[in-house]
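Visitor: would you be able to build a 3D model of this:
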Amino acid sequence: MRVTETMTSEFDLESLLRHMEPKHVKGEYVFCSIDESDFDLVGTPLLVFREAEGVTLVLLREIAELNRLEFEKIWGLITLQVHSDLSAVGFLAEITHPLAQADISVNIVSAYYHDHLFVRLSKVDKAIEVLKSLSEKY
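Guide: Sure, this is the predicted structure:
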């Protein structure tokens with residue numbers, strides 16, 4: 001078992017928005033779907049989610065291409081540096097609305113410490129600009 005530094009999660013909506021600190025994580029990411037029986041062939045993806053129709057993987061584009069996996073779009077990854085509480089209410093709603101107004105689609109993964117936003121690679125800079133502008137309002 002790996003022991004990590006204990007961080008206090010943030011629950012307050014205004015504090016979450018003020019301290020979100022969006023950071024672009026370098027890389028070109030893709031979403032793929034594979035059969036469960038092929039899972040061991042792929043290596044270690046960034047994200048795995050099992051659905052009835054197949055296993056969804058999020059992984060670097062180069063790994064998908066190496067494994068000849070089909071994908072449709074290239075995504076950039078933005079991590080919000082605030083340690084958001086998984087029970088916080090309204091945080092993601094406050095983020096997605098201004099992104100939608102800027103014509104930016106977003107796929108969000110809430111992990112234990114942070115929220116991670118996948119946006120079209122071509123719109124990463126604009127998304128960070130929108131998020132920083134939102135954060136400055138608080």
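Visitor: tell me where this structure is predicted with low confidence.
Guide: Low-confidence segments of the chain (pLDDT under 70): 1-6.
Visitor: so which residues of the protein form helices?
Guide: 13-18, 61-66, 91-101, 124-136 (DSSP state H).
Visitor: in TSV: those, plus mean neighbour count.
Guide: Placement of C-beta: from N, CA and C, glycine included. Output for these, formatted as TSV (neighbours: other Cβ atoms under 10 Å):
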stretch	mean neighbour count
helix 13-18	17
helix 61-66	15
helix 91-101	15
helix 124-136	16
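Visitor: make a markdown table out of those and add distance to residue 43.
Guide: Listed next are those as a markdown table, based on distance: least, Cβ to Cβ, whole Å:
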| stretch | distance to residue 43 |
| --- | --- |
| helix 13-18 | 34 |
| helix 61-66 | 6 |
| helix 91-101 | 30 |
| helix 124-136 | 25 |
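Visitor: max-length strand in this structure?
Guide: Of all the segments of type strand in the chain, defined by DSSP state E, the longest one is strand 22-34.
Visitor: for that one, buried residues please.
Guide: Burial within strand 22-34, assessed by neighbour count using 16 or more other Cβ atoms under 10 Å, is assigned to 22, 29-32, 34.
Visitor: let me know the outermost residue of the chain.
Guide: In the chain, the residue that sits farthest from the middle, by Cα atoms, centre = their mean, is residue 37; the gap is 25.9 Å.
Visitor: that one and residue 21: what is the separation?
Guide: 41 Å (Cβ to Cβ, to the nearest Å).
Visitor: coming back round to it: which other residues reach the longest strand of the chain?
Guide: 42, 46, 51, 53-62, 64, 69-81, 107, 116-118, 121, 124-125, 127-128, 131-132, 135 (Cβ atoms under 8 Å, 6 or more residues apart in numbering).
Visitor: please, a ChimeraX command that selects the buried ones among these?
Guide: In ChimeraX, this line selects whichever of the contacts of strand 22-34 come out buried by 16+ other Cβ under 10 Å:
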select :42,46,55,57,58,59,61,64,69,71,75,76,77,78,79,80,116,117,118,121,124,127,128,131,135
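Visitor: residue 39 contacts residue 54, doesn't it?
Guide: No: if you go by Cβ atoms under 8 Å, residue 39 and residue 54 don't touch, sitting 9.8 Å apart.
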